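Visitor: Just the structure for this:
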Amino acid sequence: MRTQARQDDPFLSDLIRMINDEKKICAAKNPSNFNQQLVNELEKLEKEYKQIFDMEHSDGNNKELSIIYELIRAVNEIPMVNEQMNTIKKYQQFLLTASEQNFCTDNTSF
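Guide: Got it, this is the predicted structure:
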């Protein structure tokens with residue numbers, strides 16, 4: 001997922017294109033020292049950007065998700081909530097069974 005998000009990032013793709021363009025200029029017969037300095041600085045920027053991008057798109061989501069799951073577990077451990085959830089599950093099961101019985105009754109009349 002992270003790799004796909006990187007590929008869809010217009011800033012990163014343009015940055016990489018700029019680096020490649022400057023490298024081609026540096027490979028020419030009379031490259032300027034400024035071109036090589038620019039390549040070095042752009043590559044530093046690319047590296048830093050990827051690190052920040054990866055931190056935001058991987059660790060942040062996983063941490064947030066684990067916090068959410070932990071909160072759900074904590075709420076489910078409250079006795080009143082647990083009892084209400086069990087009651088809701090029983091009611092859903094009752095509705096499902098009643099619906100299945102109605103479906104079977106309706107299909108046998110054909």
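Visitor: for stretch 23-42, which positions count as buried?
Guide: 25, 35, 38-39, 42 (16 or more other Cβ atoms under 10 Å). For every residue, glycine as well, the C-beta is placed using N, CA and C.
Visitor: could you point out which element follows the worst-scoring helix or strand of the chain on mean pLDDT?
Guide: Ranked by mean pLDDT, DSSP states H and E, the helix or strand of the chain with the weakest confidence is helix 2-7, at a mean of 57. Note on helix 2-7: by DSSP states H and E, the next helix or strand toward the C-terminus is helix 10-27.
Visitor: Touching that following helix from outside, list them.
Guide: Contact with helix 10-27 is made by 6-7, 31-32, 35-36, 38-39, 42-43, 45-46, 49-50, 53, as judged by Cβ atoms under 8 Å, 6 or more residues apart in numbering.
Visitor: out of those, which are inside helices?
Guide: 6-7, 35-36, 38-39, 42-43, 45-46, 49-50, 53 (DSSP state H).
Visitor: I'd like to know which of the residues you listed is nearest to residue 76.
Guide: residue 53 (34.9 Å; Cβ to Cβ).
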